[in-house]
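A.B. asks: A predicted structure for the sequence below; I have some questions about it.
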Amino acid sequence: MEQIYMDHAATAPMDKRVIEAMYPVYNEVFGNPSSVHSFGRKARQQLDEARRVMAKSINANEKEIIFTSGGTEADNLALIGTALANREKGNHIITTSQEHHATLHTAEELEKQGFKVTYLPVYENGKISADDLGSALTDETILVSVMYVNNETGMIQPIKEIGVILKEHQAYFHTDAVQAFGLLDINVKDMGIDLLSVSSHKINGPKGIGFLYASENVKLNALQFGGEQERKRRAGTENVAGIAGFKTAVELAMSEKNKRSELYQGFKMKFLEELEKNKIDFEVNGDLESGIPSIVNISFPGTNVEKLLTNFDLSGIAASSGSACTAGSVEPSHVLTAMFGENNECTQNSIRFSFGIFNTIENVTEAANRVAKIIKRLTS
């Protein structure tokens, strides 16, 4: 039985071209990038080239790219680093109730440190309202953090509108772009984005590496103490091989962006079409027209997450109930709870299917048929 991977939003398999780019770095570039001798300079060259590629991908300056261990660290540095550095301007932060836990739990920690946090509501279409954000702003607001694309539903948030609202306000604008990067066009200057988080392993790069874009005008405290790496913003010897692989993944994502978007959208629509052909009862969570091509979140009435995931796995299908960080939990999805309310059944019967380079139109069709058989059996 063919194993079919439909959980690319949790992590994506590494592209073979990325592995090939990393191998010679592991083999030949072992110097410390902070060393002044030739071995160090060779390693430093890898970082400089990667920083240029990543800056160009979002229309930033290379000095504004901070390498991190991934999206979680980037979110933490953006929120805590900015909040602590700008406390004299105010102590109010705005985020949303559907953020990734890397942002939500960080916001909760900041509340314990005396900051006031407003959590914007999410509507049944899976999106927040830019008007709600405008109403929540005060003279004390120093940071707004709204994810670009929700990791569970795939819904694209009104990032451009938020950038316009914040243009004349003191608050910095952070967006977790982990699910958006590589599929959507991002221009931080045009969109008024001050801080932006990206993770390598979501775009077929290695795990354990990411970056935070922090505009030169952002006052930011470091969270780690040690050396003066990353322009004193993130101490610690850089992961040179990981950064080299990340660079290649970014280059591939940028050059293949339109092709991938079209391909993944085709997978998603084919998957839904096959479910409809099989005449099973299901609902897409969120506004299908506002979703990213690679993610669809589906409610199957009369079922529950545990049984669904167990049966899918036994039938060779890898999917999830939401964020990989809570995959072992039986708690209802906080995202779907924010959208539909605590007692809505879809918070406990919904599955996220996410598409990527491990998929073909044939295995997506096969997966949909297997899913349909399982749903029929569980609801008969």
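C.D. replies: Looks like it arrived, so ask away. Residues are numbered from 1 along each chain as shown.
A.B. asks: neighbours around residue 8, how many?
C.D. replies: Using other CB atoms under 10 Å as the criterion, residue 8 is surrounded by 23 other residues. Every residue, glycine included, has its C-beta placed from N, CA and C.
A.B. asks: same question for the one 3 residues further on.
C.D. replies: Around residue 11 sit 16 other residues, with neighbours defined as other CB under 10 Å.
A.B. asks: excluding sequence neighbours, find me the nearest residue to it.
C.D. replies: Closest residue in space to residue 11, ignoring its immediate chain neighbours: residue 201 at 5.0 Å, by CB to CB, 6 or more residues apart in numbering.
A.B. asks: so that neighbour makes contact with residue 181?
C.D. replies: No: because the distance of 11.7 Å does not satisfy CB atoms under 8 Å, residue 201 is recorded as not touching residue 181.
A.B. asks: the more surrounded of these two?
C.D. replies: Neighbours were counted for residue 201 and for residue 181 using other CB under 10 Å; residue 181 has more, 28 against 23.
A.B. asks: how close does the more buried one get to residue 250?
C.D. replies: If you measure residue 181 against residue 250 using CB to CB, to the nearest Å, the figure is 8 Å.
A.B. asks: which residues do the two both contact?
C.D. replies: Contact with both residue 181 and residue 250 is made by residues 57, 203, according to CB atoms under 8 Å, 6 or more residues apart in numbering.
A.B. asks: residues in contact with residue 121?
C.D. replies: Contacts of residue 121 (CB under 8 Å, 6+ apart): 96-97, 128-129, 132, 338.
A.B. asks: go on, residue 54?
C.D. replies: When contacts are counted by CB under 8 Å, 6+ apart, residue 54 touches 60, 62, 65, 198, 211, 246-247, 250.
A.B. asks: and residue 220, by the same measure?
C.D. replies: Under the criterion of CB under 8 Å, 6+ apart, the neighbours of residue 220 are 77, 81-82, 85, 214, 233.
A.B. asks: what's the neighbour count on residue 176?
C.D. replies: Here the neighbour count serves as a burial measure; for residue 176 (other CB under 10 Å) it reads 31.
A.B. asks: and what of residue 53?
C.D. replies: By other CB under 10 Å, 17 other residues sit near residue 53.
A.B. asks: do the same with residue 13
C.D. replies: Residues within reach of residue 13, counting by other CB under 10 Å, total 13.
A.B. asks: not counting residues beside it along the chain, what's closest to it?
C.D. replies: Beyond its immediate neighbours in the sequence, the residue positioned closest to residue 13 (CB to CB, 6+ apart) is residue 358, lying 5.6 Å away.
A.B. asks: next, count neighbours for the one you found.
C.D. replies: Each residue near residue 358 was counted by other CB under 10 Å, and the total is 16.
A.B. asks: I figured it hits residue 5, correct?
C.D. replies: Yes: under the criterion of CB under 8 Å, residue 358 lies in contact with residue 5, with a separation of 4.2 Å.
A.B. asks: about what we covered before: most neighbours among the contacts of residue 54, which one?
C.D. replies: In terms of neighbours by other CB under 10 Å, the contacts of residue 54 top out with residue 211 at 32 neighbours.
A.B. asks: which strands and helices sit next to whichever helix or strand that residue is part of?
C.D. replies: Secondary-structure assignment from DSSP states H and E places residue 211 in strand 210-214. Packed against strand 210-214 by the contact rule (3 or more CB pairs under 8 Å, 6 or more residues apart in numbering; DSSP states H and E) you find strand 65-68, helix 71-76, strand 195-199.
A.B. asks: kindly recompute the last result at 10 Å.
C.D. replies: Based on contacts counted as 3 or more CB pairs under 10 Å, 6 or more residues apart in numbering; DSSP states H and E, the elements that strand 210-214 packs against are helix 38-57, strand 65-68, helix 71-76, strand 172-176, strand 195-199, helix 229-232, helix 240-255.
A.B. asks: list the buried ones in stretch 81-95?
C.D. replies: Taking 16 or more other CB atoms under 10 Å as the neighbour-count basis, stretch 81-95 is seen to contain the buried residues 81-86, 89-95.
A.B. asks: follow-up on the earlier one: mind listing the shared neighbours of residue 201 and residue 181?
C.D. replies: Common contacts of residue 201 and residue 181 (CB atoms under 10 Å, 6 or more residues apart in numbering): 71, 210.
A.B. asks: all strands for this protein, in order.
C.D. replies: All strands of the chain, identified by DSSP state E, fall at 4-5, 65-68, 92-96, 116-120, 141-145, 172-176, 195-199, 210-214, 283-284, 295-299, 317-318, 350-354.
A.B. asks: avg pLDDT for the second one?
C.D. replies: Which is strand 65-68. When pLDDT is averaged along strand 65-68, the result is 98.
A.B. asks: what do you get for stretch 238-246?
C.D. replies: The predicted model assigns stretch 238-246 a mean pLDDT of 98.
A.B. asks: likewise stretch 100-112?
C.D. replies: Confidence over stretch 100-112, taken as the mean pLDDT, stands at 98.
A.B. asks: in that stretch, what's buried?
C.D. replies: For stretch 100-112, the buried set under the neighbour-count rule, 16+ other CB under 10 Å, comprises 100, 102-104, 106-107, 110.
A.B. asks: same question for stretch 124-137.
C.D. replies: Residues of stretch 124-137 classed as buried: 125-128, 130, 133, 137 (neighbour count, 16+ other CB under 10 Å).
A.B. asks: first vs last residue of it, how far apart are they?
C.D. replies: The first and last residues of stretch 124-137 sit 23 Å apart, counting by CA to CA, to the nearest Å.
A.B. asks: residue 300 and residue 285: what is the separation?
C.D. replies: Between residue 300 and residue 285 the computed distance is 11 Å (CB to CB).
A.B. asks: more neighbours: which of these two?
C.D. replies: Neighbours of residue 300 and residue 285, each counted by other CB under 10 Å, are more numerous for residue 285; the result is 28 against 24.
A.B. asks: show the contacting residues for that one.
C.D. replies: Residue 285 is in contact with 124-126, 152-155, 291, 296-299, 333, 335-336, 339-340, 346-347, 350-352, counting by CB under 10 Å, 6+ apart.
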